[in-house]
Structure formats: C-alpha cells, structure tokens
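> This is a predicted model, with the sequence first.
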Amino acid sequence: MTICWRLDDSRQTIVLGSEKDHLPEVVYWGPRLHEDEDLDVLFEAHSIDVTGGMLDQNPELSICPEETRSFPGQPGLVVRNTDGSPLLPKFCFKKAIENENELELIYEDQQNSFTYNATFKIDEITHVITSFANITASRPIYLQWLAAPVVPAPQNGEDIIDFSGRWCGEFQLNRTKWSPGIRHRENRTGRTGHEHFPGLILPCYGATNTSGHAYAFHYGWSGGHRMIAEELPDGRRQIQIGNASQIEIEPKMKFESGPLYSTFSDNGINGCAVAFQRHARDQIVSWPKPENPRPVHYNCWEAVYFNHDLEELKDIAKRASKLGAERFVLDDGWFGSRDDDTQALSDWEVDLRKYPTGLTPLIEYVHSLGMGFGIWFEPEMINPNSDVYRAHPEWALGNEDQILGRHQMVLNMALPEVRSYLFERISTILSDNAIDYIKWDHNRVLPMPDAAQTRGSYALLDELRQTFSEVEIESCASGGGRIDFGILKRTQRVWLSDSNDALERLLMQHNAAIFLPSVVTGSHVGPRKCHTSGRELDIRFRAWVAAQRHLGFEMDPRELTVEEMKVLRDVTTWWKSNRDWMFNADILRLDSADSSVIAEQQLSRDGDRFVVFAGKATTSTQIVPRPLELTGLNPNSMYQIELINKEDCLGLSRGNPILKYKPIKLSGSYLMNQGITLPWSFPESMWVLEGKLL
Ligand code: DGJ
C-alpha cells in the first residue's frame with residue numbers, strides 16, 4: 001500500500017510518500033502543486049527505471065536511507081551497541097500525526113527496539129520548512145551519525161554553493177560542481193565556526209540572485225555540523241545535514257538532530273534569502289522590547305583594548321553620544337586582573353584597580369548621556385592563569401597538555417557546577433549593575449567536539465534569559481564564529497566579523513544576507529586605519545557600509561577630524577530616521593553587471609520604499625558604470641528615486657547623469673529591466689539611492 005503526505009505554502013509543496021510501510025521519500029519538492037494532484041499517481045510517476053548493472057529495484061532515497069535496504073549511498077543513521085558492534089536499523093511505519101502545516105512520522109525497528117521520529121513544519125508566511133529527527137532505543141547505544149530528515153537534491157543544476165571563512169573573512173561562498181560521489185563538509189571545531197557556516201544553496205540551471213529556481217538549507221545548531229551532498233551512481237542526489245559525526249561521547253537512549261531549515265524559491269537566491277531573513281527575525285529571535293528602536297552602538301574595544309581608565313572611558317562615551325550612539329558596550333578588560341589576553345578569564349569580579357568603586361560611576365555617567373550600558377563576557381572560557389583555574393583545574397574541558405587558544409581553555413559546560421558558578425557570577429554582575437546588554441564571546445575552538453558542551457552553553461543562556469528577560473545578548477566568537485539559528489534563538493545580534501574594514505565587510509554582509517536580516521547583523525564604523533587589515537578607508541565609505549546593518553561605532557572617537565564627525569553624525573541621523581522600516585525590510589542582493597560593484601536593495605515589507613546600497617569594491621574594467629538593475633518592484637508602478645549622497649560626486653565625474661542633480665520618476669519596469677545609471681566614482685565608495693512608490 002502507498003501512503004503519501006503533503007505540506008504546502010503559497011509558493012511550494014513538499015510531498016512524502018512510501019509503500020510497504022517503508023520510510024518515506026520526498027517524492028516532490030518544488031513549486032506549489034494543484035490541490036487536486038493525485039499523490040498516489042505522483043508517487044508512481046516518481047519511480048525511476050531499472051536497467052542492466054542495477055539491482056532489480058531502486059532502493060529508496062528515504063528521509064533516513066538505510067543500509068539494510070541496499071541503499072547505495074551514505075546512510076542517514078549510524079549507531080552501535082555499547083560493545084562497539086554495529087547496529088543496522090530497518091524501520092517500519094507505526095504512526096503519522098498530521099496537524100495544520102505540520103507532519104510527524106513515527107517508525108519502528110522492532111528487532112533493534114528503536115523508534116525513529118521525523119517532524120516537518122512549514123511556515124506559511126516565511127516559507128521556511130523546519131525539520132528534525134530523533135531516535136530512541138530501549139537501551140543505551142552509541143550514536144555515530146543522525147541526519148535531519150534527508151531530501152533529494154535537484155538534478156537540474158550543476159552547482160553546490162556552501163560557505164567557508166576565517167577570522168576576519170567570514171561568509172565566503174564556495175561554488176563546486178556536482179559530480180559522482182560526495183561533497184562532504186564537516187565542522188569538527190565544536191562551535192559553528194568561521195570556517196564552516198552551516199548553509200547550503202542549490203541553484204537550478206539559470207538561477208541568479210533575482211530569478212530562477214533555488215533550494216537552500218541552514219542547520220540551526222552551534223556545535224558543528226556535517227553536510228553531505230552526494231550524487232549516487234544512478235544519478236539521484238541526496239542532501240544529509242546533521243550534527244558533526246561522533247560528537248555524542250556517551251551512550252544514551254535518545255538522540256536528536258538539530259533543526260534543519262530549508263526552503264524552495266521560484267525567484268532566485270533572493271527568494272531563499274528573504275525566507276531565512278524573515279524567519280530569523282520573526283520566528284527565531286525573541287526581542288525583549290520589540291517596540292524599542294534598535295539603538296546605535298558604541299563599543300570601546302578598538303579604542304582602549306585592555307587599558308581601562310574611568311575618566312578616559314567617560315570622555316569616549318561623551319564623544320560617542322555626540323555622534324549619535326545610544327548604547328555603550330564595555331568590552332574585554334573590566335574584570336579580574338585582565339590586563340592582557342593571557343589571564344583572568346573566569347574571574348568574573350570587577351577589577352577594583354581599574355574601577356575602585358565598581359562599575360556604577362561609569363554606568364551612571366553613560367546613563368546620564370542617555371545611553372544604555374552593555375558589558376562583555378566570555379563565559380565558556382578559562383585562562384590557566386586565573387584564580388578559578390587554580391581552584392578548579394578539573395573544570396576545564398580536555399587534556400591538561402592540550403594546545404591553548406588565545407592562551408585559554410574551555411570550561412566543561414556539561415558540568416552542572418560549572419554552569420551554576422557562571423550563572424551566579426553573571427547574575428551578580430547583572431543584578432548589581434544597570435546593564436541591559438551582554439556581548440557574549442567565545443574565542444577558541446573546543447579541544448575536541450562534544451555535543452554536551454553545546455547543550456550546556458544553551459542551558460546557561462536559557463537560564464540567564466529567563467532570569468534577566470530584558471537583557472539583550474550579542475553572539476560573538478572572535479567575530480562571526482558562532483552564527484546560526486540555534487544561537488539566535490537565544491540572542492538578538494551577531495558580531496559578523498572582527499573585521500571593521502568596510503571593504504571586507506561589504507562582501508561579507510552581502511553574502512551573510514542570504515541568511516541574516518539587517519536587524520541582527522552588527523556592523524561598526526572602525527578606526528581610520530583598520531586594525532585588522534591595515535587599510536585606510538574614507539569615513540563616508542566606512543559609515544555607509546555600517547549603516548547597511550545594525551549600526552555602531554568602534555573607533556577611538558578622539559581620532560576623528562571635524563569633517564569625519566560631521567559625516568558620521570549625518571549618516572547616523574539618516575540611519576535613525578530609516579531604521580524602523582529597514583529592520584523589517586528584505587535585503588535583496590542585486591545581480592550587478594559590473595563585477596566591481598557589490599549592490600543590494602533593501603525593500604520595505606509593503607514595497608512602498610527601498611534603499612539601494614551600491615558599493616564599489618574595486619576599479620571597473622570598463623570606463624563608466626554599467627546600469628544597475630533593481631528587483632522586486634511593481635513593473636507597472638512609478639517610483640521616485642534619489643541619490644542621497646550626491647555631494648560625494650567627484651570632480652572626475654564630468655558628465656551629467658541626471659541622478660547627480662535631482663530626483664527622478666521612473667517605472668518599476670524601467671528600473672528592473674534597464675537599470676539605474678550612477679555617476680562615476682572611486683573604488684571603495686558607496687552610492688546610496690532612495691526609492692519611493694508614487
Ligand atoms: C574577540 C571579539 O571578537 C572582539 O570584538 C573583542 O570583544 C575581543 N574578543 C575581546 O577580547
């Protein structure tokens with residue numbers, strides 16, 4: 001007998017089907033199907049032929065492919081007995097629970113006494129499908145690998161796009177070609193990492209940012225993932241994503257995958273990006289005070305590093321507030337004897353040498369300037385040179401002779417006594433001081449991957465959030481080393497990168513927008529000479545790049561010239577008057593005909609206004625700018641567009657593109673098909689164009 005299930009939203013349908021009580025296969029996933037589609041016929045139509053050199057029937061590419069059913073590729077579940085002997089699951093249908101937009105499938109393996117459970121939820125508004133799997137056994141077993149429900153990948157495309165990166169170079173796109181065998185990404189660092197952002201995009205033939213079919217995935221877990229994109233000998237392709245393999249150290253009776261977020265788009269990669277951006281903002285992040293505008297940040301790290309002096313910090317805070325900052329974040333260096341990065345992590349007591357009467361004088365001063373106060377912690381870490389390590393060396397994770405990272409070890413977050421120590425320390429600081437924000441750092445990889453560590457970190461975060469529900473948290477890990485929807489369920493902002501170099505940021509922000517909305521993506525105007533790249537960039541470029549996301553400042557404001565202060569104030573004023581709609585807007589990546597231009601269009605939810613940021617990264621090969629085509633507009637509507645930083649036009653721009661002089665009215669059709677003609681500009685500069693529906 002065949003059983004089929006379908007889940008739909010307005011743009012996509014996913015159909016699962018099975019026969020003979022076997023685990024189901026995704027037999028269709030793509031544009032929404034007609035309501036009357038006969039799923040049994042669809043199931044039969046999906047079956048592929050058999051020819052010479054094959055088994056007599058094609059093994060199912062099910063949601064958890066089983067070796068016991070002759071599956072020729074990677075299995076979806078690998079488990080062992082506690083004596084190390086392999087277990088070979090073979091599941092049979094037990095029950096399906098169908099609710100609106102949700103399907104839960106329960107399968108049993110009676111011989112091994114296992115239950116396998118897969119859940120799918122489709123969000124009608126964001127178009128994101130959330131799926132997860134779990135396995136329960138009647139006795140403790142070892143888990144080697146459990147994939148979130150497995151889906152077939154489209155065969156009408158040749159590219160696999162995944163992500164790599166490094167410190168100060170997050171969100172690099174990798175395009176590899178499908179070929180027989182496996183594209184295997186495995187993150188064994190124990191945190192989400194700069195190196196392996198858990199995202200995957202499968203464009204179909206001809207897909208661009210703005211058009212065509214594309215599938216995309218994001219795995220919402222902060223302990224490292226494994227991704228397999230495999231083409232089988234028969235041509236079928238499968239995607240398996242789950243926790244990195246063998247990171248469950250102990251035998252247990254229940255294991256679960258993290259949530260896999262996926263979506264199909266019929267309007268290019270932007271369709272996937274918008275789905276993830278909206279899902280992150282509206283379904284994943286919880287905002288303590290959603291009605292409050294996002295404040296402009298000032299972070300003192302690159303101004304003072306570990307040299308905290310109260311009077312100096314007050315002076316900096318005053319200058320930052322004059323520039324328009326609304327929240328002051330006191331970074332590393334305020335606790336223990338933290339005079340450099342070799343010591344004191346875990347000694348979470350205010351350093352009375354630097355703050356003789358505690359943090360109150362600084363906090364009160366910051367408040368008197370009208371700013372909120374945030375503070376830096378790195379809770380999961382410990383320096384061997386710390387009082388806490390001297391008292392509790394057994395709290396550190398891993399061997400004593402392990403390689404340190406930034407002179408530090410990781411605390412074993414699976415230990416309840418470690419979590420309660422951290423909870424007590426952090427909550428004392430938060431209760432004794434008027435603090436509304438934590439920058440939560442994580443500056444090294446684990447000595448070995450361990451899922452219990454991630455669960456321990458989540459538990460501490462959850463407990464703190466329950467107790468201090470009004471405190472917002474920023475996830476930082478040497479910049480963007482812990483960015484995923486698992487951590488975003490517990491935080492409200494990510495520090496995308498330690499690079500404040502606007503040129504590097506321009507591309508990183510562009511790529512990260514496939515998953516992250518502007519409202520969670522921190523971006524700061526850094527020092528004139530960037531501390532991590534040595535590059536000197538003009539203040540206009542630095543300010544506009546930061547204004548594309550959640551704006552902040554991180555330079556020493558005492559270095560600013562009068563002109564630089566004016567630019568910063570002006571851009572900040574612009575940002576403040578646009579932030580409310582921009583934070584609900586969709587970021588649409590534009591397909592620039594000029595590869596030196598990295599451009600995006602932030603379009604309001606109701607489509608009545610937009611802003612285009614066209615960043616010029618390098619000098620173009622041709623002489624004058626190519627037209628830049630916009631997207632997502634109504635072809636039959638008229639829009640007024642205006643270049644709002646016309647004053648940045650250079651003497652070398654000697655012609656008369658109309659936008660240099662005045663706003664103009666053009667149709668959506670013109671803007672999307674012909675594109676806008678921008679004035680000539682230097683590299684490392686940004687044009688900002690506002691559009692309004694007439
Ligand atoms: C790494 C972070 O990414 C920086 O922004 C800063 O907070 C330092 N750690 C402090 O040690």
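Sure thing, it's come through.
> drop to CA atoms for contacts and neighbour counts, all remaining ones
Fine.
> Could you list everything residue 29 pairs with in the sheet?
residue 14 (DSSP bridges).
> who's in contact with whichever residue of the stretch 301-450 of the chain sits closest to the ligand?
Nearest residue of the stretch 301-450 of the chain to the ligand (CA to the nearest ligand atom) works out as residue 332 at 4.7 Å. Shown in contact with residue 332 (CA atoms under 8 Å, 6 or more residues apart in numbering): 301, 305, 306, 338, 376, 377.
> which element is the fourth one on?
Residue 338 is located outside every helix and strand, with elements delineated by DSSP states H and E.
> Against which helices or strands is the helix or strand where residue 303 lies packed?
Using DSSP H and E, residue 303 maps to helix 301-304. If contacts are counted by 3 or more CA pairs under 8 Å, 6 or more residues apart in numbering; DSSP states H and E, helix 301-304 sits against no helix or strand.
> so how far is the helix or strand immediately after it in the chain from its chain's centroid?
As assigned by DSSP H and E, the chain's next helix or strand after helix 301-304 is helix 310-323. Distance of helix 310-323 from its chain centroid, counting by CA atoms, centre = their mean, to the nearest Å, is 32 Å.
> who touches the next helix or strand after helix 310-323?
Going down the chain from helix 310-323, the next helix or strand is strand 327-330, by DSSP H and E. Residues from elsewhere that reach strand 327-330, judged by CA under 8 Å, 6+ apart: 295-301, 317, 366, 371-376, 437, 439.
> So which of these sit within strands?
297, 298, 299, 372, 373, 374, 375, 376, 437, 439 (DSSP state E).
> Name all residues that make contact with the fifth one.
Taking CA under 8 Å, 6+ apart as the definition of contact, the neighbours of residue 373 are 327, 328, 329, 330, 363, 366, 367, 434, 435, 436, 437.
> if we look at the sheet, which residues does the second one bridge to?
According to DSSP bridges, residue 298, residue 373 are recorded as the beta-bridge partners of residue 328.
> looking at the ones in strands among the contacts of strand 327-330, which has the most residues close by?
Neighbour counts for the ones in strands among the contacts of strand 327-330 (other CA atoms under 10 Å) peak at residue 298, which has 30 neighbours.
> how close does it get to the ligand?
Going from residue 298 to the ligand by CA to the nearest ligand atom, to the nearest Å gives 12 Å.
> dump the residue contacts of the nearest residue to residue 650 once chain neighbours are set aside.
Among residues not flanking residue 650 along the chain, residue 681 sits closest, at 6.7 Å (CA to CA, 6 or more residues apart in numbering). By CA under 8 Å, 6+ apart, the residues touching residue 681 are 616, 649, 650, 652, 653.
> Between all of those residues, which two are separated the most?
616 and 652 (15.6 Å; CA to CA).
> When the two are compared, which one has more neighbours?
Ranked by neighbour count (other CA under 10 Å), residue 616 and residue 652 place residue 616 first, with 24 against 10.
> Please report the distance of the more buried one from residue 517.
22 Å (CA to CA, to the nearest Å).
> Kindly report the same for residue 308.
On the measure of CA to CA, residue 308 and residue 517 end up 33 Å apart.
> more crowded one of the two?
Between residue 308 and residue 517, counting by other CA under 10 Å, residue 517 is the more crowded of the two (27 against 22).
> I figured that one hits residue 279, correct?
No: with contact defined as CA atoms under 8 Å, residue 517 does not reach residue 279; the gap is 9.1 Å.
> need the contact list for the nearest residue in space to residue 91 that is not next to it in sequence.
When the adjacent residues along the chain are set aside, residue 91 lies closest to residue 109, with 4.6 Å between them (CA to CA, 6+ apart). Each residue near residue 109 by CA under 8 Å, 6+ apart is listed here: 89, 90, 91, 92, 115.
> again with residue 179
Per CA under 8 Å, 6+ apart, neighbours of residue 179: residue 231.
> mind running it again at 10 Å?
158, 159, 229, 230, 231, 232, 233, 235, 237 (CA atoms under 10 Å, 6 or more residues apart in numbering).
> With residue 214 instead?
Contact partners of residue 214, counting by CA under 10 Å, 6+ apart, are 30, 154, 157, 201-208, 263-272.
> Just the ones of those in helices?
268, 269, 270, 271, 272 (DSSP state H).
> Would you reformat the residues you listed as TSV and include neighbour count?
Below are those laid out as TSV (neighbours: other CA atoms under 10 Å):
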residue	neighbour count
268	21
269	27
270	27
271	26
272	27
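> Could you check how far residue 238 is from the ligand?
36 Å.
> try residue 616
In terms of CA to the nearest ligand atom, residue 616 sits 26 Å off from the ligand.
> likewise residue 693?
Taking CA to the nearest ligand atom, one finds residue 693 at 39 Å from the ligand.
> from the contacts of residue 681, which single one is nearest residue 569?
Using CA to CA, the contacts of residue 681 come closest to residue 569 at residue 649, 19.5 Å.
> what sits against that closest one?
Per CA under 10 Å, 6+ apart, neighbours of residue 649: 660, 679, 680, 681, 682, 687.
> Quick check, pLDDT for whichever residue of the chain sits closest to the ligand.
Using CA to the nearest ligand atom, the closest approach of the chain to the ligand is made by residue 478 at 3.5 Å. Looking at residue 478, its pLDDT is 98.
> State the distance from it to residue 116.
Following CA to CA, the distance that separates residue 478 from residue 116 is 38 Å.
> for residue 605, same thing?
Taking CA to CA, one finds residue 605 at 40 Å from residue 116.
> These two: which is more packed in?
Shown here are residue 605 and residue 116; by other CA under 10 Å, residue 116 has more neighbours (26 against 14).
> Counting neighbours, what do you get for the closest residue to that one other than its chain neighbours?
Spatially, and ignoring its direct neighbours in sequence, residue 116 is nearest to residue 135 (4.6 Å; CA to CA, 6+ apart). Neighbourhood size, residue 135 [other CA under 10 Å]: 21.
> which residues does residue 135 contact?
77, 79, 106-108, 114-118, 143, 146, 253-257.
> Confirm that it sits in a helix.
No: according to DSSP: H, G, I helix; E, B strand; the rest coil, residue 135 belongs to no helix; its state is strand.
> Mind listing the residues bridging to it?
residue 116, residue 255.
> Let me see the confidence value for it.
Residue 135 is given a pLDDT of 98.
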